[in-house]
Structures are given as C-alpha cells and as structure tokens.
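S.K.: Have a look at this prediction, sequence included:
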Amino acid sequence: MNKYNLKKKGFSTLFVVIILGSLALALSLSLSTSSVWSIKSSINSKNLNQAKSLVNACAEVALETIRENNSYVGTVSLVIDGNTCTYTVSNTGGNTRSILVSGSIRDVFRKLSISTSSFNPLVIYSWIES
C-alpha cells in the first residue's frame, strides 16, 4: 500500500465518524426537543384543569350565596387554595340571576357564565364555560 491509499482510508474513516456523530447529535436534539414539548404540554394541561376547578369552585360559592340570600347582587373576589377568582351576580329581573365567574392559574385564564331561573329550588338553565 502506498501513502495515498492510507490517507484515503483515514479520510473515509473520519468522514464516516463525522456523519455518524452528526446523526447521533440530530437524534439526541430531536428527542430532547420532543421531551421538552411533552413536559410543557403536560404542565399546560394541569394548569387548564386547575383553572377550571378554581372557576367551578368559585361558581359554587356564588350559587350558594344567592341560594342563601335571594336578593344578593354584587362582586366578590375569593382566594381558593392560594389562587384568586372573582364572581359577579346580577339581577336580570324577577327570580333570574346572571353570574359571571373568572379566574386564572398561572397563564391560563378561564371564564364561566351561569344563568338561574328560580330560587326555591335553585334552577340553573345555562352554564357556559369559555
């Protein structure tokens, strides 16, 4: 073998090592990125469920308030498990009330609109989440 063939084999081996290393790096980056997105999605889902639970709990407090005091109208801010939600009860005429509830967990904001049609028993004819 001459020097030229040895250099050519060395270059070929180096080229294969570089290609395989690049492929391994690309695969590692792809898996890492996928894992980060999966974790972020999981956290967002958790925050969404917690925000929904917060708003539902706040709505239950609002419904109990108007059940106990049929003439109640106004706005209240509550702290539930360290998170704040707000509800507003409006008289829409007669025995009907409109309740608007809002709350957020971290960067997830939830709203709820409830309409009632009577007090005894308390009848909910609309419950719309947004």
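M.R.: Perfect, thanks for sending it. Numbers count the residues shown, from 1 in each chain.
S.K.: where's the residue nearest the centre of the chain, which helix or strand?
M.R.: The residue lying closest to the centre of the chain (Cα atoms, centre = their mean) is Leu48, at 2.4 Å. Element membership of Leu48, judged by DSSP states H and E, is helix 3-68.
S.K.: Note down every partner strand of the top strand by length along the chain and its orientation.
M.R.: Longest strand in the chain by number of residues (criterion: DSSP state E): strand 108-119. Using DSSP bridges, the strands paired with strand 108-119 are strand 97-105 (antiparallel), strand 122-129 (antiparallel).
S.K.: Going by neighbour count, list what's buried in that strand.
M.R.: Using 16 or more other Cβ atoms under 10 Å as the test for burial, strand 108-119 gives Val108, Arg110, Leu112, Ile114, Ser115, Thr116, Phe119. For the C-beta atoms, the positions are set from N, CA and C on the backbone; glycine is no exception.
S.K.: Now for the residues you listed: which two are most distant?
M.R.: Val108 and Phe119 (32.9 Å; Cβ to Cβ).
S.K.: which secondary element of the chain has the worst mean pLDDT?
M.R.: In the chain, no helix or strand scores lower on mean pLDDT, DSSP states H and E than helix 3-68, which sits at a mean of 84.
S.K.: Could you tell me the angle between it and strand 97-105?
M.R.: Interaxial angle of helix 3-68 relative to strand 97-105 (axes from the mean of the first three to the mean of the last three Cα atoms, to 10 degrees): 150 degrees.
S.K.: now Asp81: how far from Ala51?
M.R.: Look at Asp81 and Ala51: by Cβ to Cβ, to the nearest Å, they are 12 Å apart.
S.K.: If you count surrounding residues, which of these two has more?
M.R.: Neighbour tally, Asp81 and Ala51, criterion other Cβ atoms under 10 Å: the higher count belongs to Ala51, 22 against 9.
S.K.: so that one touches Arg110, yeah?
M.R.: Yes: counting by Cβ atoms under 8 Å, Arg110 is a contact partner of Ala51 at 4.4 Å.
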